[in-house]
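Colleague: Need coordinates for the below:
(chains A and B)
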Amino acid sequence: MEASPYLPSPEYARWRKWKSAAVTGVLVMCALAVIAPLFIIIYFLLARGYSSLDWSFFTQLPKPTGEVGGGMANAIVGTMTLLAMAAVVGVPFGVFGGIYLAEYGSDRANDWLRFAADVLNGVPSIVWGMVVYLILVVPFKTFSAYAGGVALGLIMVPLVMRTTEEVLVLVPQSYREAALALGIARWKVILVIVVRTALKGIATGVIVALARIAGETAPLLFTALGNSFWNHNLKEPISALPLQIFAYAISPYDDWHRQAWAGALVLMALILALNITVRVLSRDRQSTR
Amino acid sequence: MTNQAPISILPAPGSQLPDRLFKWAAALAAVMVVVLIVLVGWELYLGSRQALFKFGAGFLWSSEWDPVAEKYGALPFIFGTLVSSLLALVIAVPLSIATALFLTELAPMRLRQPIIMAIEMLAAVPSVIFGMWGIFVLIPWLRDHAFVWLKHTLGFLPLFQGPIYGVSMLAAGIIIAIMILPIVTSISREILRSVPDLQREAAYALGATRWEVLRIAVLSYARRGLFGAAVLGLGRALGETMAVTMVIGNRPEISASLFAPGYTLASVVANEFTEATTDLYLSSLFELGLVLLAVTILVNIAAQVMLKSMTGGVSSKVA
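Modeller: Numbering: from 1, shown residues only, chains lettered A, B, ... in the order given. The predicted structure is shown next:
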């Protein structure tokens, strides 16, 4: 058969196919390279952290510098406390903001508000620490759990706001119309019908935001500060797992390194637990975000 | 029956007040995001006023940072921030786009969800854990193997000369790269998914191979959006604090070598803020924070604008 002058030579066709196959291989390698760090990090967390976990880690306070033993009980409780305070600050603003975007705002206003939320989301977390330092630490002349909670809470606001809006607009318009047609006041319609319908989605968004801030260290450095004892007063500094991990990881003591790994494992487990909760909550909502 | 009240579609007058209050409460919460941006900028300005007036614009290009001599210049930190972030982009963007291509175009359906989940989990790893892993695992490996090899093979470049400490600009770049992989990947994935199938089908119909389809029909169509994804990744990279602080070496020096330690805007604040002994010192740190904020906000705005022109605000879904 004579080669058509209009078709490229078979060699060229083979080269093109070969190139395509090569690129496919490269893409697979890249995908592997992207997920590899996760498994490497989890491996090291388990390998070095698990063996360091013992009962005293969960029940004892940190030992003074250089002494072996002790635990991070106060940091675990501190992280929980800070998360609760952050939720108190971040959730109302986030949810109500989301309600405004989904139920009231004009398209134009919403465009700007969403834009602002996304920009706010990009503000480095360390900057939040500096700002809250000026607002809550300087005037009261002390680092405090409150300051840490507020710093984390403010980071939550744009996150919760955007996710709340996203789930609220999924509520069918007919629900609102039906309720309004019954003469129910709009605010009741929103709270009792719309928010109620989307409650699971909103909760999901809140947990995602909590998981995101649970590991934040930078905003706590100059707000919550850290504390090697129990915090009995929220007006005083409080410890948090990330702060304790940071302090121990950069210390020169082997035993503290060991505990830093253990702390990292616990923190990672907490964050994974939050993420798994999210998956369970959103399982019946068959939308892969 | 002359004066029958008209049937009103409005709620009874009594119920309008709560309605209005509710709307205002919601509006107030929504406006918070704008208020917060202004507040953040204003507070940092207040905090840095002393340094701003004392040093003026010279602060930005003075390379001396000597708290004991009361000399403060931002240049080493701006340099460190830019170099470490750009390194991260150079490493992360190709990997992310390739992974996004793999996920949207090639991967078998049942592989996609697990991989996406793994990437989301990588995004959930806290900065401080990356930093710790960097200190105890990555840096020893880089110092003993990777850097030695790089110096041996590429040592003729000034980038790979000089003593190897382990803690370095390059180590920071690698850690930041790992940290921004998830966000750049997921946004790239959204962008690629928004490329119409018609594009691909048309190219296949012309007899293009898979790679040619990706190159001609998909990548060129999505170019702008992918650029936006990279810029958003840059925004994240600039502000990374903890992990960078733990691996970059924290020395305010400007060196051509990537093996040399550096310092970034975020990490100097994290390290020295609570140790700032004088008002001017603290004020200078605030000014560094202000510079960081200004740069990240500009970069983020640029990214949002680029992404917006591609799709309807993709970033929110993955941010």
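Colleague: and the residue most central in space within chain A, which of the three is it?
Modeller: Nearest residue to the geometric centre of chain A (CA atoms, centre = their mean): residue A:212, 1.0 Å. Using DSSP: H, G, I helix; E, B strand; the rest coil, the structure places residue A:212 in helix.
Colleague: helix, strand or coil for the nearest residue to it once chain neighbours are set aside?
Modeller: Excluding the flanking residues, the one nearest residue A:212 by CB to CB, 6 or more residues apart in numbering or on different chains is residue A:159, at 6.5 Å. For every residue, glycine as well, the C-beta is placed using N, CA and C. With three-state DSSP as the basis, residue A:159 sits in helix.
Colleague: what sits against residue A:65?
Modeller: residue A:253 (CB atoms under 8 Å, 6 or more residues apart in numbering or on different chains).
Colleague: how about the residues of the stretch 151-300 of chain B that lie near chain A?
Modeller: B:178, B:181, B:185, B:209-212, B:214, B:232, B:235-236, B:238-242, B:246, B:266, B:269-270, B:273-274, B:285-286, B:289, B:292-293, B:296-297, B:299-300 (CB under 8 Å from any CB of the partner chain).
Colleague: Give the PyMOL command for selecting the buried subset of those residues.
Modeller: In PyMOL syntax, the buried subset of these is picked out as below (16 or more other CB atoms under 10 Å in any protein chain shown):
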select buried, chain B and resi 178+181+185+209+210+211+212+214+232+235+236+238+239+240+241+242+246+266+269+270+273+285+286+289+292+293+296+297+299+300
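Colleague: Inside helices: which ones of the residues of the stretch 151-300 of chain B next to chain A?
Modeller: B:178, B:181, B:185, B:210-212, B:232, B:235-236, B:238-239, B:242, B:246, B:266, B:269-270, B:285-286, B:289, B:292-293, B:296-297, B:299-300 (DSSP state H).
Colleague: hmm, back to that, is the residue nearest to residue A:212 in contact with residue A:205, as I believe?
Modeller: Yes: shown here, residue A:159 and residue A:205 form a contact pair, counting by CB atoms under 8 Å, at 7.2 Å.
Colleague: who's more crowded, those two?
Modeller: Neighbours were counted for residue A:159 and for residue A:205 using other CB atoms under 10 Å in any protein chain shown; residue A:205 has more, 27 against 23.
Colleague: Which one of the residues in the stretch 1-150 of chain A is closest to chain B?
Modeller: Per CB to the nearest CB, residue A:124 is where the stretch 1-150 of chain A lies closest to chain B, at 2.6 Å.
Colleague: pretty sure that residue is in contact with residue B:237, am I right?
Modeller: No: with contact defined as CB under 8 Å, residue A:124 does not reach residue B:237; the gap is 10.1 Å.
Colleague: neighbour-wise, which of those two wins?
Modeller: residue B:237 (29 against 25).
Colleague: Neighbours of the nearest residue to the more buried one once chain neighbours are set aside, how many?
Modeller: Once flanking residues are discounted, residue B:237 sits nearest to residue B:85: 3.9 Å by CB to CB, 6+ apart. As a burial measure, residue B:85 scores 27 neighbours (other CB under 10 Å).
Colleague: In contact with residue B:85, which residues?
Modeller: With contact set as CB under 8 Å, 6+ apart, residue B:85 has these partners: B:173, B:176, B:234, B:237-238.
Colleague: So what's the model's average confidence on the helix or strand harbouring it?
Modeller: For residue B:85, the host element (DSSP states H and E) is helix B:75-101. The pLDDT scores in helix B:75-101 average 97.
Colleague: same check, this time on stretch A:270-289
Modeller: The average pLDDT within stretch A:270-289 is 77.
Colleague: what ranges of the stretch 1-150 of chain A fall below the confidence cut-off?
Modeller: Low-confidence segments of the stretch 1-150 of chain A (pLDDT under 70): A:1-5.
Colleague: how about the helices of it, start to end?
Modeller: Secondary structure of the stretch 1-150 of chain A by DSSP state H, counting those that start in this stretch: the helices cover A:10-44, A:55-59, A:73-99, A:107-121, A:125-132, A:145-168.
Colleague: ok and the fifth one relative to helix A:145-168, angle-wise?
Modeller: Put simply, helix A:125-132 runs at 120 degrees to helix A:145-168, going by axes from the mean of the first three to the mean of the last three CA atoms, to 10 degrees.
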